[in-house]
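A.B. asks: sequence? don't have it. structure:
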């Protein structure tokens, strides 16, 4: 069995307001092993990006970690100060942000930004850092890296900028990369190249990747395991192949049913009724119960723990031994 690199236990991310505390991430638990890709999927507002930001210590105030533990390579890091997190952030844990335009400084050349990042985390002089920066640009597929290194971000296409952001994430040679929508707004051919790059990182370097995305195609091609998040909680987690082919949680079933099939005569896709609840109006019990056609009595009273079902773990009372065979309300 692969060595566990990251362990999240009952993580809570909350926002204090005048009307009380709002929980955006509510007791989320999962693990990522070295060399593994864990995909995180779910609707906008499910808490995917906040979970990633909490791990790397980049929650924006007033957001804060309100409970739980984040253990990275055997060390608890959720209780570290910004000063204590600085040696880990970028060097051992890196993040690829959604929008490369906001990740790159438009006033500095690509090379300057890469060299600064490399020298921050590795002991290199300017010449060595520039050579390494060119190697990174070549590794992520930037053509003519020897000349493009002196270009500004606006002189790159969206796909090229995203590759530069990935190069920045690789600059410190991290053990874990949190990739937040790394293929957003990229055309299919560039997506395939980015996916190939991420998979090679895991294979050649043993890098672990937490891949946050809405794109089920990207998850299917890249992730070893996947977690489905809903309203700040994990609805289901398991091996990607099993979860895509045989989803168990009603929300997962709805997500998979909304994907168009390449083959077959499907005239109408599955549509999940309603919308995700607001943080100040999360229903009692299972937060998915207002939208679930299989909800029954216990779903309205308390939240189900993750129950092991085959190769997956599902937070649904339908799979609890006490309630098996129960009919929907």
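C.D. replies: Sure, I can see it. A quick note: this is a predicted structure, and the numbers were derived from the prediction, not measured. Residues are numbered from 1 along each chain as shown.
A.B. asks: name the SS class of residue 220, please.
C.D. replies: Following DSSP: H, G, I helix; E, B strand; the rest coil, the label given to residue 220 is helix.
A.B. asks: what does residue 84 give?
C.D. replies: Under the three-state scheme (three-state DSSP), the conformation of residue 84 reads as helix.
A.B. asks: skipping adjacent residues, who's closest to residue 13 in space?
C.D. replies: Distance criterion C-beta to C-beta, 6 or more residues apart in numbering; nearest residue to residue 13, sequence neighbours excluded, is residue 25 at 3.8 Å. Every residue, glycine included, has its C-beta placed from N, CA and C.
A.B. asks: how much space separates that neighbour from residue 232?
C.D. replies: As judged by C-beta to C-beta, to the nearest Å, residue 25 and residue 232 stand 5 Å apart.
A.B. asks: list residues touching both of the two?
C.D. replies: With C-beta atoms under 8 Å, 6 or more residues apart in numbering applied, the overlap between the contact sets of residue 25 and residue 232 consists of 13, 47.
A.B. asks: backbone phi and psi for residue 48, please?
C.D. replies: Dihedral angles of residue 48 (phi, psi; degrees, to the nearest 10) stand at phi -60, psi -60.
A.B. asks: model confidence for it, exactly?
C.D. replies: Residue-level confidence at residue 48 comes out at 95, pLDDT.
A.B. asks: OK, contacts around it?
C.D. replies: Neighbouring residues of residue 48 by C-beta under 8 Å, 6+ apart: 40, 41, 42, 180, 212, 229.
A.B. asks: from residue 107, how far off is it?
C.D. replies: Distance of residue 48 to residue 107, computed by C-beta to C-beta: 31 Å.
A.B. asks: one more: residue 199?
C.D. replies: Counting by C-beta to C-beta, the separation of residue 199 from residue 107 is 34 Å.
A.B. asks: how about residue 180?
C.D. replies: According to C-beta to C-beta, residue 180 and residue 107 sit 24 Å apart.
A.B. asks: neighbour-wise, which of these two wins?
C.D. replies: Taking other C-beta atoms under 10 Å, residue 180 and residue 107 do not tie; residue 180 has more neighbours (19 against 9).
A.B. asks: I figured the more buried one was touching residue 52, is that so?
C.D. replies: Yes - in this structure, residue 180 is within contact of residue 52 by C-beta atoms under 8 Å, at 5.6 Å.
A.B. asks: identify the contacts common to the two.
C.D. replies: Shared contacts of residue 180 and residue 52, defined by C-beta under 8 Å, 6+ apart, are found at 95, 212.
A.B. asks: low-confidence ranges, the stretch 151-300 of the chain, go.
C.D. replies: Residue ranges of the stretch 151-300 of the chain with pLDDT under 70: 185, 262-267.
A.B. asks: swap the cut-off to 90 and go again
C.D. replies: Applying pLDDT under 90 to the stretch 151-300 of the chain flags residues 157-163, 166, 170, 172-173, 181-206, 214-222, 255-272.
A.B. asks: and the next element down the chain from the helix or strand containing residue 202?
C.D. replies: Counting by DSSP states H and E, the element that carries residue 202 is helix 188-205. Moving toward the C-terminus from helix 188-205, the first helix or strand encountered (DSSP H and E) is strand 208-212.
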